[in-house]
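Participant: return atomic coordinates for the entry below.
(one chain, ligands or ions: 3)
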Amino acid sequence: MNTVAAYAATSATEPLTKTTITRRDVGPHDIRFDIHFAGICHSDIHTVRAEWGQPRYPVVPGHEIAGIVTEIGSAVTRFTIGDRVGVGCFVDSCRECDNCEEGLQQYCTGTGMTGTYGAVGRDGHPTQGGYSGGIVVDENYVLNIPPALALDAAAPLLCAGITTYSPLRHWNVGPDTRVGVIGLGGLGHMAVKLGAAMGADVTVLSQSLKKMEDGLSLGAKHYYATSDHDIFKNLRNSFDIILNTVSANLDLGRYLAMVDRDGVFVELGAPENPLVVPPFSIIGMRRSISGSMIGGIPETQEMLDFCAEHGIASEIEVIEPEYVNEAYERVIASDVRYRFVIDTESLRQG
Ligand code: NAP
Ligand code: ZN
Ligand code: ZN
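Facilitator: Ligands and ions are numbered 1, 2, ... in the order given. Just a heads-up that it's a prediction; the model follows:
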């Protein structure tokens, strides 16, 4: 066993505080790595604030993890000490169901995916995430971070990157596909970069014009503020696909009307309350509404390699661990450009 410092939530209302956690011994198929950086995803906030139900406190959040291998198990074949690695939203799954066999571990129908935090691992212990100094993970659930990517800016790719890459690929986004991205936050800014790199005609739909210059320099061709009600009229039937990355509930009918005939509205955000879909907003133009959850291990590696090839990473603000509670408030206020990443160096000694 090995101890590392970590930041944990102990209730939905208390700030996260520094604590010590233990990581399991390295088994034959495990690797241990020092965590160097951990991104702050809005899902961390939904979880610790019990917006998705009561989590198992204490919770050490963090599922955008990047670091360097320090120990490998006797049967490990894919990694060696010193490798630059990443872990995303899950650290295990049943490995036997059709979805696991297809590399779609996020949709595991056996045990379900084992979340990087807030779940229970095969060893019967709760899983704890990346706001900590180190972690032990089965090598089959670990990604290679290509040399072209800096570890800090690569960390958010492990969730925000793959969550937007996967639906863009699934719905065959390519040159001139008209892609709308609602919300220019952690997921949204990656959707813009990745969509643009695939050649799409990307439009940002943000609450205000504050981030317009950024949106256009990230690769969007168009940018609109949803506070301007005229856009809902002017942009009717304008998109082949919309990715909704908003963490709060929206008046969906108005956004669905922007999808063109036979287009798809893909829900990526996971707000606290159910989505309200007015029937005529999907009947009218034979529109589809769908969702998509992160991505499997092979596709996550493909995304990292794609990012390395296209010179894409996350736009980040690196913070010290003790800033995490303030960072949460700023994420909720949409005051982050575009991902907070915790430098976990001070957490490496337990
Ligand atoms: P984020 O950085 O906070 O970005 C969300 C963006 O939504 C904000 O930047 C803001 O963009 C917009 N927004 C926030 N509140 C709004 C409101 N009340 N009305 C309209 N727009 C609002 O969050 P994130 O980390 O990207 O995560 C976004 C959502 O995706 C969360 O619900 C998260 O849990 C979920 N998620 C899902 C998956 C998945 O697998 N499907 C994976 C990761 C995260 P503007 O300032 O531009 O308006
Ligand atoms: Zn996430
Ligand atoms: Zn499975």
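Participant: how about the residues of the stretch 1-150 of the chain near ligand 1?
Facilitator: For the stretch 1-150 of the chain, the contact set with ligand 1 under Cβ under 6 Å from any ligand atom comprises 41-43, 46. To be clear about C-beta, it is placed using only N, CA and C from the backbone, and glycine gets the same treatment.
Participant: which of those tops the neighbour count?
Facilitator: Within those, most neighbours by other Cβ atoms under 10 Å means residue 41, with 29 neighbours.
Participant: now that residue: closest residue in space that isn't a chain neighbour?
Facilitator: residue 159 (5.0 Å; Cβ to Cβ, 6 or more residues apart in numbering).
Participant: how close does the one you found sit to residue 335?
Facilitator: Per Cβ to Cβ, to the nearest Å, residue 159 is found 20 Å from residue 335.
Participant: quick one: which of those two has more around it?
Facilitator: Taking neighbours as other Cβ under 10 Å, residue 159 and residue 335 compare with residue 159 leading, 28 against 10.
Participant: give me the phi and psi angles of that one.
Facilitator: phi -130, psi -60 (degrees, to the nearest 10).
Participant: again, but for residue 76
Facilitator: phi -70, psi 130.
Participant: who's in contact with the nearest residue to it once chain neighbours are set aside?
Facilitator: If the residues on either side of it in the chain are set aside, residue 76 comes closest to residue 139, at 5.0 Å by Cβ to Cβ, 6+ apart. The contact partners of residue 139, by Cβ atoms under 8 Å, 6 or more residues apart in numbering, come to 29-31, 72-73, 76-79.
Participant: of those residues, select the buried ones using a PyMOL command.
Facilitator: With 16 or more other Cβ atoms under 10 Å as the criterion, this PyMOL line picks the buried residues out of these:
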select buried, resi 29+30+31+72+73+76+79
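Participant: can you flag which of the contacts of residue 139 belong to strands?
Facilitator: Counting by DSSP state E, the contacts of residue 139 place 30-31, 72 in strands.
Participant: return the member of those residues nearest to residue 259.
Facilitator: Using Cβ to Cβ, residue 31 comes nearest to residue 259 of the ones in strands among the contacts of residue 139, at 43.1 Å.
Participant: for ligand 3, see how far away the closest one is.
Facilitator: 21 Å (Cβ to the ion, to the nearest Å).
Participant: okay, the contacts of residue 139 in TSV with pLDDT and distance to residue 100 next?
Facilitator: Listed next are the contacts of residue 139 as TSV, based on pLDDT from 0 to 100; distance: Cβ to Cβ, whole Å:
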residue	pLDDT	distance to residue 100
29	98	15
30	98	18
31	98	20
72	98	23
73	98	21
76	98	20
77	98	19
78	97	17
79	98	20
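Participant: ok, and of the contacts of residue 139, which contact ligand 2?
Facilitator: Contacts with ligand 2 are made by none of the contacts of residue 139, judged by Cβ under 5 Å from the ion.
Participant: let me have the contacts of residue 139 in a markdown table, extended by distance to residue 268.
Facilitator: Output for the contacts of residue 139, formatted as a markdown table (distance: Cβ to Cβ, whole Å):
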| residue | distance to residue 268 |
| --- | --- |
| 29 | 32 |
| 30 | 31 |
| 31 | 30 |
| 72 | 34 |
| 73 | 35 |
| 76 | 33 |
| 77 | 34 |
| 78 | 29 |
| 79 | 30 |
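Participant: relative to residue 19, which of the contacts of residue 139 is nearest.
Facilitator: residue 30 (22.8 Å).
Participant: hmm, residue 141 and the closest one touching each other?
Facilitator: No: using Cβ atoms under 8 Å, residue 30 makes no contact with residue 141, being 9.9 Å away.
Participant: ok, of the residues of the stretch 1-150 of the chain next to ligand 1, which one's closest to ligand 3?
Facilitator: Nearest to ligand 3 among these, counting by Cβ to the ion, is residue 43 at 20.9 Å.
Participant: what's the pLDDT at the closest one?
Facilitator: pLDDT, residue 43: 98.
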